[in-house]
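J.: sharing a model that was predicted from the sequence below.
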Amino acid sequence: MDLRERFATNLRRLRHAAGLSQEALAYEAGISRSYLSQLEKGAFHASLKIIGKLADVLQAEPMEFLRPRPKGRQRPHCKG
């Protein structure tokens, strides 16, 4: 998993844990919902400024976006 995919996975996880929709998180962070959607898909790279905004809203440390999943919780890699 590359860093962009890891960021996307953790962003989704943190957003769901906070009970926020994409629309609500985007509004609170001052970014567009479509941009947030692309970040969650791993299509775009996030700047440090955006990571800071998202971390503030989600009340998370910025490093949480780059933490690897615990070994027992990784999904099998699908080829296809």
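T.: Cool, got the structure. All of these numbers come straight from a predicted model, not from anything done at the bench.
J.: which residue lies nearest the spatial centre of this protein?
T.: In the chain, the centroid-proximal residue (Cα atoms, centre = their mean) is Leu11; its distance is 1.7 Å.
J.: packing partners of the helix ranked longest in the chain?
T.: Among the segments of the chain that qualify as a helix by DSSP state H, the longest is helix 3-18. For helix 3-18, the elements it packs on are helix 22-29, helix 33-41, helix 48-58, judged by 3 or more Cβ pairs under 8 Å, 6 or more residues apart in numbering; DSSP states H and E. All C-beta spots, glycine's among them, are computed from the backbone N, C-alpha and C.
J.: okay if I get these as TSV plus mean neighbour count?
T.: What follows is the helices and strands packed on helix 3-18, written out as TSV (neighbours: other Cβ atoms under 10 Å):
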stretch	mean neighbour count
helix 22-29	17
helix 33-41	16
helix 48-58	16
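J.: how far out from the middle of the chain is the longest helix of the chain?
T.: Offset of helix 3-18 from its chain centre (Cα atoms, centre = their mean, to the nearest Å): 3 Å.
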